[in-house]
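Trainee: Coordinates only, no sequence provided:
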């Protein structure tokens with residue numbers, strides 16, 4: 001629990017709110033500024049855990065340093081659940097940093113209001129066209145951008161995109177919401193806001209720009225040209241491990257600190273933010289509180305996307321099959337630990353460009369320590385979600401790079417085979433699990449139909465062009481190695497396959 005040892009379950013619980021802030025234990029950090037004096041300057045789309053453990057924390061530090069015009073209003077695009085949890089708490093919430101040296105709790109106050117798009121569309125647009133709003137930020141996961149996984153372009157056949165094109169004034173997708181907000185702002189004669197993407201996408205700002213420009217073109221080509229010429233989409237690299245909040249976490253906060261928080265955020269102590277410095281209407285001085293402002297984010301994002309996220313995916317798919325629940329348990333397994341070290345050394349680090357001011361080997365050593373943090377219960381099944389979209393940038397692109405260099409990326413082969421084995425929907429204990437993926441129905445059908453035949457399973461999955469590019473499949477050694485490893489996983493199991501891999 002807390003460093004003070006407060007764990008008495010009989011202590012009175014205080015529902016988190018502005019009124020209860022003074023009653024919280026002294027070891028709980030809280031806003032030191034006057035929230036009533038803060039005005040919103042940022043509208044954030046996506047109210048999940050990551051933004052509240054990352055963007056909102058950096059911005060909370062900015063407000064504590066004296067800024068008063070960079071408060072955040074959060075908008076959930078899908079569900080009112082987080083809004084309904086936060087509003088009775090005056091949009092305060094706690095960030096529960098779990099670490100071996102003692103858990104720490106912090107109350108964050110930078111989120112001034114919370115909306116749900118289905119109920120609050122008009123209010124959301126009013127805020128986005130307000131001159132005081134200079135930045136619109138996003139954390140909506142890869143699938144929220146409605147892109148074609150194979151090309152990176154807008155998926156024009158996506159039913160939600162089609163619906164927004166048919167009714168652009170009442171959008172529900174990210175491209176639709178941004179396009180309509182920009183149109184309304186332009187019509188009101190207000191200078192364009194900056195769109196700041198905080199999702200794990202390769203060249204995330206450029207990706208969002210490409211998708212929004214194309215969406216607008218399908219509605220109004222002149223508006224599309226305006227967006228292409230006038231809206232800034234800086235790229236970012238974001239990093240903080242933030243597992244899904246569990247009831248056990250709420251109970252730990254209640255028992256350890258005497259606080260009732262309907263939707264706290266759990267995270268590791270580490271945080272990193274690298275931002276392309278392109279903000280025509282200005283920005284918070286995030287660099288004063290630990291962010292790195294640069295001209296080119298690409299080397300940093302590639303390092304993180306491959307070394308952290310690629311390792312996460314590799315651990316996740318092998319662990320789900322073996323029945324290992326968390327990343328900490330997986331990284332603590334000698335065989336899996338050795339796999340990740342080979343993945344970094346042989347398959348991923350050689351594909352990276354120089355990263356300014358960074359020793360990549362030291363970076364991966366720090367990653368190992370972060371993965372081993374027992375306080376962060378980052379579930380492998382959670383990380384396994386959306387594999388059809390995560391696999392290409394995290395593992396398939398570096399695989400192609402190594403193949404082009406004349407090397408067979410054997411650790412990536414193992415990871416891809418483990419993902420294919422994952423599509424069967426059953427682990428080695430014969431326990432079923434959900435496949436959370438935009439292609440879930442298709443993947444599940446392929447996995448169930450071919451779960452005992454590696455050749456057929458690999459063949460049908462390789463045939464999905466949205467995942468596996470023809471250039472990669474042109475290397476028969478890669479295809480054959482994946483199929484052989486998949487056969488081992490299906491017939492012998494994870495542990496014997498790892499022993500063979502490690503020699």
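Mentor: The structure has been received and is ready for your questions. Computed from a predicted structure; not experimentally measured.
Trainee: from here on, contacts and neighbour counts on C-alpha atoms
Mentor: Noted.
Trainee: what's the closest non-adjacent residue to residue 190?
Mentor: What sits nearest to residue 190 in space, not counting adjacent residues and going by CA to CA, 6 or more residues apart in numbering, is residue 131, at 6.1 Å.
Trainee: Pretty sure the one you found sits against residue 186.
Mentor: No - Residue 131 is beyond contact range of residue 186, at 11.0 Å (criterion: CA atoms under 8 Å).
Trainee: And the strands in the protein?
Mentor: All strands of the chain, identified by DSSP state E, fall at 14-15, 40-45, 71-76, 93-97, 104-108, 111-116, 135-138, 194-197, 236-239, 259-260, 265-267, 272-276, 292-294.
Trainee: would you list these in a markdown table and tack on distance to residue 503 and mean neighbour count?
Mentor: Below are these laid out as a markdown table (distance: least, CA to CA, whole Å; neighbours: other CA atoms under 10 Å):
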| stretch | distance to residue 503 | mean neighbour count |
| --- | --- | --- |
| strand 14-15 | 55 | 18 |
| strand 40-45 | 48 | 25 |
| strand 71-76 | 49 | 26 |
| strand 93-97 | 39 | 24 |
| strand 104-108 | 42 | 21 |
| strand 111-116 | 52 | 23 |
| strand 135-138 | 44 | 23 |
| strand 194-197 | 42 | 25 |
| strand 236-239 | 33 | 26 |
| strand 259-260 | 51 | 24 |
| strand 265-267 | 36 | 26 |
| strand 272-276 | 36 | 20 |
| strand 292-294 | 41 | 16 |
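Trainee: any idea which of the ones you listed scores lowest on pLDDT?
Mentor: With a mean of 86, strand 14-15 has the lowest mean pLDDT of those.
Trainee: what does that strand contact?
Mentor: 20, 23-24, 89, 258-261 (CA atoms under 8 Å, 6 or more residues apart in numbering).
Trainee: Note down every partner strand of it and its orientation.
Mentor: Applying DSSP bridges to the sheet, strand 14-15 is found paired with strand 259-260 (parallel).
Trainee: Got the domain ranges for the chain?
Mentor: What automatic domain parsing lists as the domains of the chain is 14-294, 298-502.
Trainee: coming back round to it: can you add distance to residue 433 and give the strands of the chain back as JSON lines?
Mentor: Output for these, formatted as JSON lines (distance: least, CA to CA, whole Å):
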{"stretch": "strand 14-15", "distance to residue 433": "35"}
{"stretch": "strand 40-45", "distance to residue 433": "30"}
{"stretch": "strand 71-76", "distance to residue 433": "27"}
{"stretch": "strand 93-97", "distance to residue 433": "28"}
{"stretch": "strand 104-108", "distance to residue 433": "33"}
{"stretch": "strand 111-116", "distance to residue 433": "30"}
{"stretch": "strand 135-138", "distance to residue 433": "29"}
{"stretch": "strand 194-197", "distance to residue 433": "31"}
{"stretch": "strand 236-239", "distance to residue 433": "27"}
{"stretch": "strand 259-260", "distance to residue 433": "31"}
{"stretch": "strand 265-267", "distance to residue 433": "24"}
{"stretch": "strand 272-276", "distance to residue 433": "32"}
{"stretch": "strand 292-294", "distance to residue 433": "39"}
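Trainee: Residue 357: which of these is closest?
Mentor: Residue 357 lies closest to strand 292-294 among the strands of the chain, at 11.3 Å (CA to CA).
Trainee: Packing partners of the closest one?
Mentor: Helices and strands touching strand 292-294, as assessed by 3 or more CA pairs under 8 Å, 6 or more residues apart in numbering; DSSP states H and E, comprise strand 272-276.
Trainee: counting contacts, what elements does the strand it packs on pack onto?
Mentor: Packed on strand 272-276, when contacts are counted by 3+ CA pairs under 8 Å, 6+ apart, are strand 236-239, strand 292-294.
Trainee: Ok, which of the ones you listed comes nearest residue 461?
Mentor: Each of the helices and strands packed on strand 272-276 has some distance to residue 461 by CA to CA; the shortest is strand 236-239, at 30.2 Å.
Trainee: need the helices for the stretch 301-450 of the chain, in chain order.
Mentor: Along the stretch 301-450 of the chain, counting by DSSP state H, counting those that start in this stretch, helices occupy 311-322, 327-331, 334-342, 360-371, 380-383, 387-391, 397-404, 410-422, 440-450.
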